[in-house]
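> Pasting a predicted model and its sequence here:
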Amino acid sequence: MSPSFRPDNGLAIEKEGFIKWVEKLACISNVTIGNYNDFLLALEKRVNFFDEIGCRSSDHGINVMFYEAATKQEIATIFDKRLAKQSLTSKEVNQFKTHTLIQLGEWYAEKGWAMQLHIGPQRNNNTKMFDQIGADAGFDSLGGDKLVAEPLNKFLDALEQQNKLPKTILYTLNARDNEVLAATAGNFQNAEIPGKVQFGTAWWFNDHIDGMEYQMKTLANFGLIRHFIGMLTDSRSFLSFSRHEYFRRILCNVIGTWVEEGKVPNDINLLKQYVADICYNNAKKYFNL
């Protein structure tokens, strides 16, 4: 187990609670935040703190993938408008998110962290229940019905052009995008880190037998399952750790079926190493644990 850094609220400039979150950030980082540069300084201090306590990954929940280029001066103006409680256009919101996440990605790359992007939930669908008990209470569902390939590739490319693309794991809640994410991961590999950009394991509504098999087979078709880092659990419940055993059984069944069908060699030592790496060794190495 390892802590992860999840600054979703720092990107959610359009939300009502953004200014209060900035105030909390200022307090905990001991930085007076009066402009965008101050905001970045405070965020960087939190990244440094998390790194010191053993964090080796970030986690970003992205309802709809975004990419909207802007200059730093434009972002500074957008931030000032929000602090002044002025309304922002959807373009300005996406410009802020894009620029800020790129900056975060650069810091992750410098520290050797992995950046996790969880893409595609449709949140807070039942307004009546949201008003009664708030967010994250069981009324989120499958989303991701907007196109992801173009903004995602542009975002990753913006970091790659600066040689600042960190290790990155791409998860989709909508299995419709499995092939898109698997192919996108292939665009940004290199010889230094095997499987640097990963098509992440089946997530949330997909982490059942059919969803896990679909994800594994898609990865094996589009890339190298040899470098797969396997099942990851970001739950706060110890009971959810059983997913790892479930995953291991499904993985072995998939590989065993391929052997029976003559699709992979019947070499127990080779396949044993594949399973051990996917279930343990690859993740340990990838996250520098």
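Cool, the structure landed. Numbers count the residues shown, from 1 in each chain.
> so Ala158 makes contact with Gln103?
No. Contact between Ala158 and Gln103 fails when scored by C-beta atoms under 8 Å: they sit 10.8 Å apart. Any C-beta I mention is one placed from the backbone N, CA and C, and that applies to glycine too.
> Val93 reaches Glu14, doesn't it?
Yes. With contact defined as C-beta under 8 Å, Val93 counts as touching Glu14 (4.7 Å).
> Could you check which of these two is surrounded by more residues?
Val93 (19 against 16; other C-beta atoms under 10 Å).
> what residues does the helix or strand hosting the more buried one touch?
Here Val93 is covered by helix 90-111, with elements defined by DSSP states H and E. Helix 90-111 is touched from outside by 7, 10-11, 13-14, 40, 43-44, 47, 51, 58, 60, 66-70, 72, 74-75, 78-79, 81-82, 88, 113-115, 155, 158-159, 162, 164-167, with contacts defined as C-beta atoms under 8 Å, 6 or more residues apart in numbering.
> Direction included, what does the following helix or strand past that helix pair against?
As assigned by DSSP H and E, the chain's next helix or strand after helix 90-111 is strand 114-119. Under the criterion DSSP bridges, strand 114-119 sits next to strand 57-62 (parallel), strand 167-172 (parallel) in its sheet.
> Need the mean per-residue confidence for the very next helix or strand once past strand 114-119.
Toward the C-terminal end, the helix or strand that comes next after strand 114-119 (DSSP H and E) is strand 121-122. Here strand 121-122 scores 90 as its mean pLDDT.
> try stretch 49-60
For stretch 49-60, the per-residue pLDDT averages 96.
> Contacts made by that stretch with the rest, please.
Contacts of stretch 49-60 (C-beta under 8 Å, 6+ apart): 2-8, 11, 101, 104, 108, 111-118, 234, 287-289.
> do that again at 10 Å, thanks
1-8, 11, 28-29, 46-47, 97, 101, 104-105, 107-108, 110-119, 166-169, 171, 232, 234, 286-289 (C-beta atoms under 10 Å, 6 or more residues apart in numbering).
> re the thing from before, any common contacting residues for Ala158 and Gln103?
Counting by C-beta under 10 Å, 6+ apart, the residues touching both Ala158 and Gln103 are Lys164.
> rewinding a little: common neighbours of Val93 and Glu14, please.
Joint contacts of Val93 and Glu14 (C-beta under 10 Å, 6+ apart) are Arg82.
> quick one: contacts for the residue nearest to Ser141 when sequence neighbours are not counted?
Once flanking residues are discounted, Ser141 sits nearest to Gln122: 5.2 Å by C-beta to C-beta, 6 or more residues apart in numbering. Gln122 makes contact with Asn63, Val64, Phe139, Asp140, Ser141, Leu142, Gly143, Gly144, Asp145, Leu173, Asn174 under the criterion C-beta under 10 Å, 6+ apart.
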